[in-house]
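A.B. asks: sequence and predicted structure, then a few things I'm wondering about:
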Amino acid sequence: MKKNSQHSSAKRMWGGRFTADTDTLVEAFGASVDVDKRMALEDIEGSIAHATMLKKQQILSEEECRLICQGLETIRDDILADQFVWNTALEDVHMNIEHELTQRIGPVGGKLHTARSRNDQVATDLRLWLRKAGLRIADELHTIRCELVNLAESHLGVIMPGYTHLQVAQPVLFSHHLMAYDAMFRRDAERLTQTLERLNESPLGAGALAGTGFEIDRIVAADQLGFNDVMMNSMDAVSDRDFVLDFLSFSSIVMIHLSRLSEEFILWSSQEFRFITLPDSHTTGSSIMPQKKNPDMCELIRGKAGRVCGSLMAMMMTMKGLPLTYNKDMQEDKEGVFDAVDTVEWSLKIYSSMLPHIEVHADRMRQAAGAAFSNATDLADYLATKGVPFREAHEIVGHLVRICLSENKTLESLPLEKMQEVCTLIASDVQEYLRLDAVVSARSSVGGTSPEEVERQIKKARKQLCP
Ligand code: ARG
């Protein structure tokens, strides 16, 4: 690793009014560079935009701006080549880079911080960083949706039990179940778009909190950085972290969706359910039990969802009592949101690579869907169409279920005469009514589980995904 021009025992950049040294424990505790160096490229991008604006406003000369920008570019090259040495004594990413700039180009490097504070700088960097991360996650959401839709489309005829209270309720199409998750991820993508739209305003130029007396042009810097606008209130610009809360809230909801899907896959791949087999590539064995195949990835994603939600809670608690404007507490904003980005991105990737290789056991699902009187509602509906008030029909079918239970029969295998003993309106056409496929096809209301409706959902999603 190449050494920076000078890197140990750096002079504190705010040391002027101090006579004694900082305690070493304090220095280490206050430093954030180990975390915030992930924003180094955004810090440089922001600095170049700031310097360019200062030149345009004739606050920096052409030559000063050129030296500063070139210096920053050499630092960027070293960072990209993993040759930059970070120094905790310099506290954070901003002061590491600025200090090194001055080492490289001399005192003119000190002019970069004219009309700027680390307070507007850090808010700018984090917004730029999250914007990039958000666009990557948007791509991942698109991919997982495509994989869900593929899986739904290729298993369109498969019937499985639908549950409420994890008790068999009514049969549904497996594709219908998958498309429910597609709908959740579509809303997640919308939430992300809105989050990115809202955070895309520039805090740069807000200064420490009150703006600056220099004749800066905030719009020029904002344009260069691709922001849609400048933040209108300088105090809000440096003290707001609701864009971090937005991002963590979006991340928590995606993770909750992935966690629920994971929970289902864990159940479905168990010996008791046997609805699906997860691919070898995404499962692990046991060091003691040779027969085992564990759904570790699903479990880990379910587990990590807790951590992401925890980061949202942590940041809400950090922010809730802070007076305006900047407080050092806010330095705590990055660790949680960086971790959330990594977790969401990684989890989505794991799912997208696993989904195409899931083995679906249609026979087993069908068998489970036909058990446990999942067509009881349909028998009640049948009676209702014959004029019996639904509440009464419900009662009659409940009675029939009780008879079936004591005689170890299903509704469709109970002899017609037995049914007619309970209700004379039941005729031989009831058999057709109770067939699994008929039960599913009958639910053709908008958004229902009939093959036509599910196919419509799939087509609609396809159109959104590949316009
Ligand atoms: N490292 C700091 C943070 O992440 C940068 C801003 C420091 N500002 C200050 N006034 N001490 O919050």
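C.D. replies: Nice, I can see it.

A.B. asks: residues in contact with stretch 423-437?
C.D. replies: With contacts defined as C-beta atoms under 8 Å, 6 or more residues apart in numbering, stretch 423-437 is touched by 159, 171, 366, 369-370, 375, 378-379, 382-383, 386-388, 396, 411-412, 416, 419-420, 438-439. To be clear about C-beta, it is placed using only N, CA and C from the backbone, and glycine gets the same treatment.

A.B. asks: excluding its backbone neighbours, what's nearest residue 378?
C.D. replies: What sits nearest to residue 378 in space, not counting adjacent residues and going by C-beta to C-beta, 6 or more residues apart in numbering, is residue 439, at 4.9 Å.

A.B. asks: now the strands for the stretch 251-400 of the chain?
C.D. replies: 276-277, 359-360 (DSSP state E, counting those that start in this stretch).

A.B. asks: for the last one, the distance to its chain's centre please.
C.D. replies: Think strand 359-360. 26 Å (C-alpha atoms, centre = their mean, to the nearest Å).

A.B. asks: ok, now the first one?
C.D. replies: With C-alpha atoms, centre = their mean as the basis, the distance from the averaged C-alpha position of strand 276-277 to the chain average is 25 Å.

A.B. asks: cool, stretch 21-35 as well?
C.D. replies: With C-alpha atoms, centre = their mean, you get 32 Å for stretch 21-35.

A.B. asks: got the end-to-end distance for it?
C.D. replies: 24 Å (C-alpha to C-alpha, to the nearest Å).

A.B. asks: what residues of that stretch count as buried?
C.D. replies: Of the residues in stretch 21-35, 31, 32, 33, 35 count as buried by neighbour count, 16 or more other C-beta atoms under 10 Å.

A.B. asks: number of nearby residues for residue 213?
C.D. replies: Residue 213 has 8 neighbours, counted by other C-beta atoms under 10 Å.

A.B. asks: that one in helix, strand or coil?
C.D. replies: What DSSP: H, G, I helix; E, B strand; the rest coil gives for residue 213 is coil.

A.B. asks: for it, phi and psi?
C.D. replies: Residue 213 adopts backbone torsions of phi -80, psi -10, taken as degrees, to the nearest 10.

A.B. asks: can you give me the helices in the stretch 101-250 of the chain?
C.D. replies: Ranges of helices in the stretch 101-250 of the chain, per DSSP state H, counting those that start in this stretch, are 118-154, 174-199, 218-224, 234-239, 242-268.

A.B. asks: closest one to the ligand among those helices?
C.D. replies: When the helices of the stretch 101-250 of the chain are compared by C-beta to the nearest ligand atom, helix 118-154 sits nearest the ligand, at 3.9 Å.

A.B. asks: so which elements touch the closest one?
C.D. replies: helix 40-56, helix 93-105, helix 174-199, strand 201-202, helix 234-239, helix 242-268, helix 333-354, helix 451-465 (3 or more C-beta pairs under 8 Å, 6 or more residues apart in numbering; DSSP states H and E).

A.B. asks: what residues of the fifth one count as buried?
C.D. replies: Taking 16+ other C-beta under 10 Å as the basis for neighbour counts, the residues of helix 234-239 that come out buried are 234, 236, 237, 238, 239.

A.B. asks: repeat that for the last one.
C.D. replies: Residues of helix 451-465 classed as buried: 451, 453, 454, 455, 457, 458, 461, 465 (neighbour count, 16+ other C-beta under 10 Å).

A.B. asks: between the residues you listed, which is nearest residue 165?
C.D. replies: residue 454 (23.3 Å; C-beta to C-beta).

A.B. asks: I'd say the closest one and residue 177 touch.
C.D. replies: No. Using C-beta atoms under 8 Å, residue 454 is not in contact with residue 177, being 9.6 Å away.

A.B. asks: deepest-packed of the strands of the stretch 251-400 of the chain, please.
C.D. replies: strand 276-277 (a mean of 18; mean count of other C-beta atoms under 10 Å).

A.B. asks: run through who's touching it.
C.D. replies: 265, 268, 269, 358, 359, 360, 361.

A.B. asks: ok, that strand: who's next to it in the sheet?
C.D. replies: strand 359-360 (antiparallel) (DSSP bridges).

A.B. asks: ok so, going back, burial count for the residue nearest to residue 378?
C.D. replies: If we define neighbours as other C-beta under 10 Å, then residue 439 has 24 of them.

A.B. asks: contact partners for it?
C.D. replies: 170, 171, 374, 375, 378, 433 are the contacts of residue 439 under C-beta under 8 Å, 6+ apart.

A.B. asks: repeat that with 7 Å
C.D. replies: Contact analysis of residue 439 by C-beta atoms under 7 Å, 6 or more residues apart in numbering lists 171, 375, 378.

A.B. asks: pLDDT averaged over the helix or strand hosting it - what is it?
C.D. replies: Using DSSP states H and E, the element containing residue 439 is helix 436-442. Taken as a whole, helix 436-442 carries a mean pLDDT of 94.

A.B. asks: need the CA coordinates for that helix. CSV is fine.
C.D. replies: Backbone C-alpha positions of helix 436-442 (Å, rounded to 0.1, in the frame of the first residue of the first chain) are rendered in CSV as follows:
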residue,chain,number,x,y,z
LEU,A,436,-60.7,-28.8,-7.1
ASP,A,437,-60.2,-27.3,-10.6
ALA,A,438,-63.8,-26.1,-10.6
VAL,A,439,-63.4,-24.5,-7.2
VAL,A,440,-60.4,-22.6,-8.4
SER,A,441,-61.9,-21.6,-11.7
ALA,A,442,-65.0,-20.3,-10.0
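
A.B. asks: picking that back up, export the contacts of strand 276-277 to TSV and tack on distance to residue 401 and pLDDT?
C.D. replies: Below are these laid out as TSV (distance: C-beta to C-beta, whole Å; pLDDT from 0 to 100):
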residue	distance to residue 401	pLDDT
265	31	98
268	26	98
269	30	97
358	34	97
359	34	97
360	30	98
361	27	98
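
A.B. asks: adding distance to residue 46, write those residues out as TSV.
C.D. replies: Shown next, in TSV, are the contacts of strand 276-277 (distance: C-beta to C-beta, whole Å):
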residue	distance to residue 46
265	42
268	48
269	47
358	44
359	49
360	49
361	54
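
A.B. asks: what's the neighbour count on residue 408?
C.D. replies: 7.

A.B. asks: with the one 10 residues further on instead?
C.D. replies: If you count neighbours by other C-beta under 10 Å, residue 418 ends up with 14.

A.B. asks: need the contact list for it.
C.D. replies: Contacts of residue 418 (C-beta under 7 Å, 6+ apart): residue 403.

A.B. asks: pLDDT value on it, please?
C.D. replies: Looking at residue 418, its pLDDT reads 91.

A.B. asks: so where does it fall, helix or strand?
C.D. replies: Element membership for residue 418 (DSSP H and E) is helix 416-422.

A.B. asks: buried stuff in the helix or strand following that helix?
C.D. replies: Of the helices and strands lying after helix 416-422 in sequence (DSSP H and E), the nearest is helix 430-434. Under the neighbour-count criterion of 16+ other C-beta under 10 Å, helix 430-434 has 430, 433, 434 buried.

A.B. asks: gap between the second one and residue 385?
C.D. replies: Taken as C-beta to C-beta, to the nearest Å, the spacing of residue 433 relative to residue 385 amounts to 9 Å.

A.B. asks: what of residue 295?
C.D. replies: 43 Å.

A.B. asks: in the stretch 251-400 of the chain, which residue sits nearest the ligand?
C.D. replies: Nearest residue of the stretch 251-400 of the chain to the ligand (C-beta to the nearest ligand atom) works out as residue 331 at 3.6 Å.
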